[in-house]
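Asks: model this:
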Amino acid sequence: MAVHESPHRGSGFHLPTFRKQQNTMQPADPAQSAVSAGTAARTAPGYALAALRVLTGFVFLWAFLDKTFGLGYATGEGKAWIDGGSPTQGFLGSVTVGPMESTFRSWAGNPWADWLFMLGLLAIGVALIAGVGLRIAALAGTVMMALMWIAEWPPAQHLSDGSPSMSTNPFADYHLIYAVVLIALAAASAGDTLGAGKRWAKLPFVRRSPWLR
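Replies: You can find the predicted model right below:
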């Protein structure tokens, strides 16, 4: 317990003053306490989720940019979408396992598949980075990740030709992790921190249709 002492002490016996202690024992304003507690509780998790949201969005956006312009990472020069290449041919055309093997191979290179895939990458990436439309982004991204999971089919230990599939886990892989991250970001309203989520939520058409958040 801190005791307030005067800097100009004289001789003799002095009783300690409890004025400061009495002030601290007064009940705090409930509203102010709630705001302070909420701010302290949300600050670190909010920034952590915001960082996760932006980084995840950049993964999707970069995939779109690389496949569109052939930036030399996953897509080499001359194979870009703008050069006539197909963003889905390489992945779907090489599917050799799973219950939808023939279906995916028939989709490979089709214009409708290319457009859906690329627009999905772009929309999900922009939505995550901006912090708006996270619920739609989570739905679209989960569907995309689920299809890619089926295309790779982690439960299989061997491909259709009998060669090892090189699968390291029969269920959990990075596609499922991305899907869970997308759902978690939407559920936590991660766009409200370092994003335009709050302003987006106040728009009239978004307030009428909460699923657009």
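Asks: Please report how far V95 lies from L212.
Replies: V95 sits at a distance of 34 Å from L212 (criterion: C-beta to C-beta, to the nearest Å). C-beta: built from backbone N, CA, C; applies to glycine.
Asks: if you go through the chain in chain order, where are the helices?
Replies: Using DSSP state H, the helices of the chain run over 19-24, 30-69, 89-92, 101-107, 111-130, 134-152, 174-187, 197-201, 204-208.
Asks: shaky segments in this structure?
Replies: 1-42 (pLDDT under 70).
Asks: Which residue lies nearest the spatial centre of it?
Replies: Nearest to the mean C-alpha position of the chain, by C-alpha atoms, centre = their mean, lies R53 at 3.6 Å.
Asks: Please list all residues in contact with the nearest residue to that one once chain neighbours are set aside.
Replies: Nearest residue to R53, sequence neighbours excluded (C-beta to C-beta, 6 or more residues apart in numbering): A190, at 4.6 Å. A190 sits next to G46, L49, A50, L52, R53, G131, L134, A184, G197 when contact means C-beta atoms under 8 Å, 6 or more residues apart in numbering.
Asks: List buried residues within the residues you listed.
Replies: Among these, those classed as buried by 16 or more other C-beta atoms under 10 Å are G46, L49, A50, L52, R53, G131, L134, G197.
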